[in-house]
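Visitor: Need a 3D model of the following:
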Amino acid sequence: MSDPRLILPLDLPTRAEAEAMVDRLGDAVSFYKIGLQLLATEGMAMAKALKASGRSLFLDWKLHDIGATVEKATAAIAATGTCDLLTVHAEPQVMQAAVKGRGGASEVKILGVTVLTSLSEDDLKDLGYGLGVAALVERRIRQAIDAGADGVVASPHEAALARRIGGPDFLVVTPGVRPDWSGKDDQARASTPAAALKNGASHLVCGRPITAAPNPREAALRIVQEMA
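Guide: Sure, this is the predicted structure:
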């Protein structure tokens, strides 16, 4: 009953809470994202357990360091056999190092994080960027392609741009997906599931509309239906 294009972030403080959520969702979700919060406790053990149960795993760890460190970290992650998608910040040296570190583990897809979906045009100015959101995202998409990355993480509003530049096989993973019946939370550039797919997204990351719902499984299936 799940749609492999829907990724559910397990942004929960403990493994026990994450496992309880997976149990509640059952067959409604088959692709899970483990981020920094769960990584700080038992994220890798959770990833191994989910992978052993047949689920797909997105390790959203946004690696960002000198090239040698990113290369070694990516190699270590690839060696665990748990990762389908791995994020790094979309800077040329970082992405090149991740691709090199992955080596022959082609099942590990490297995604460059373009501009965080919580950031607005004004936020970028405060950070010192001379480019607006669209221009910065476009530059980083092209840099991801040049680096040999498999795709990018970009908001639904930049999905069409990523699809146009990257072509049909380029992965475009979009956080900030919010159905009409839910709030936007802290997502400055949110979009509905249907609109994100229409704009060219290959995968949708949708968390709180599902995990905060009274019935998470029912909410997930509602989103799957909208995607279909």
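Visitor: burial count for H203?
Guide: 25 (other C-beta atoms under 10 Å). Where C-beta positions appear, they are placed from N, C-alpha and C, glycine not excepted.
Visitor: Below-threshold pLDDT in the chain: ranges please.
Guide: Counting by pLDDT under 70, the chain contains low-confidence residues at 183-190.
Visitor: What ranges does it have for its helices?
Guide: For the chain, the helices defined by DSSP state H cover 15-25, 36-39, 43-52, 67-80, 92-102, 121-127, 133-147, 159-166, 193-198, 208-211, 216-227.
Visitor: Farthest from the middle of this structure: give me that residue.
Guide: Note on the chain: the largest C-alpha distance from the chain mean falls to G130, namely 25.8 Å (C-alpha atoms, centre = their mean).
Visitor: The longest strand seen in the chain packs against which elements?
Guide: Counting by DSSP state E, the longest strand found in the chain is strand 56-63. For strand 56-63, the packing partners by 3 or more C-beta pairs under 8 Å, 6 or more residues apart in numbering; DSSP states H and E come out as strand 31-34, helix 36-39, helix 43-52, helix 67-80, strand 85-89.
Visitor: residues of the second one that come out buried?
Guide: What that stands for is helix 36-39. L38 (16 or more other C-beta atoms under 10 Å).
Visitor: on contacts alone, who are the packing partners of that helix?
Guide: Using 3+ C-beta pairs under 8 Å, 6+ apart, helix 36-39 sits against strand 56-63.
Visitor: what about the strand it packs on, distance to the chain center?
Guide: 7 Å (C-alpha atoms, centre = their mean, to the nearest Å).
Visitor: Stretch 18-35 now?
Guide: Going by C-alpha atoms, centre = their mean, where stretch 18-35 is centred and where its chain is centred differ by 15 Å.
Visitor: From one end of that stretch to the other, what's the distance?
Guide: 12 Å (C-alpha to C-alpha, to the nearest Å).
Visitor: Give me the number of neighbouring residues for D27.
Guide: D27, neighbours per other C-beta under 10 Å, totals 10.
Visitor: Could you do R5 as well?
Guide: The tally of other residues near R5 (other C-beta under 10 Å) stands at 16.
Visitor: Next up, the contacts around it.
Guide: Neighbouring residues of R5 by C-beta atoms under 8 Å, 6 or more residues apart in numbering: F31, L197, A201, S202, H203, L204, M227.
Visitor: thinking again about what came up before, please spell out which residues along the longest strand of the chain are buried.
Guide: S56, L57, F58, L59, D60, W61, K62, L63.
Visitor: okay, these in TSV with distance to L136 next?
Guide: Output for these, formatted as TSV (distance: C-beta to C-beta, whole Å):
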residue	distance to L136
S56	29
L57	28
F58	23
L59	24
D60	20
W61	22
K62	16
L63	19
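Visitor: Let me know the closest of the residues you listed to A135.
Guide: K62 (21.4 Å; C-beta to C-beta).
Visitor: residues in contact with stretch 14-33?
Guide: 1-2, 4-10, 12, 38, 41-43, 45-46, 49-50, 54-60, 84, 203, 205, 210-211, 216-217, 220-221, 224.
Visitor: Buried among those? Make that a ChimeraX selection.
Guide: To isolate the buried ones among the contacts of stretch 14-33 in ChimeraX, judged by 16+ other C-beta under 10 Å, type:
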select :2,5,6,7,8,9,10,12,38,41,42,43,46,49,50,55,56,57,58,59,60,84,203,205,210,211,216,217,220,221,224
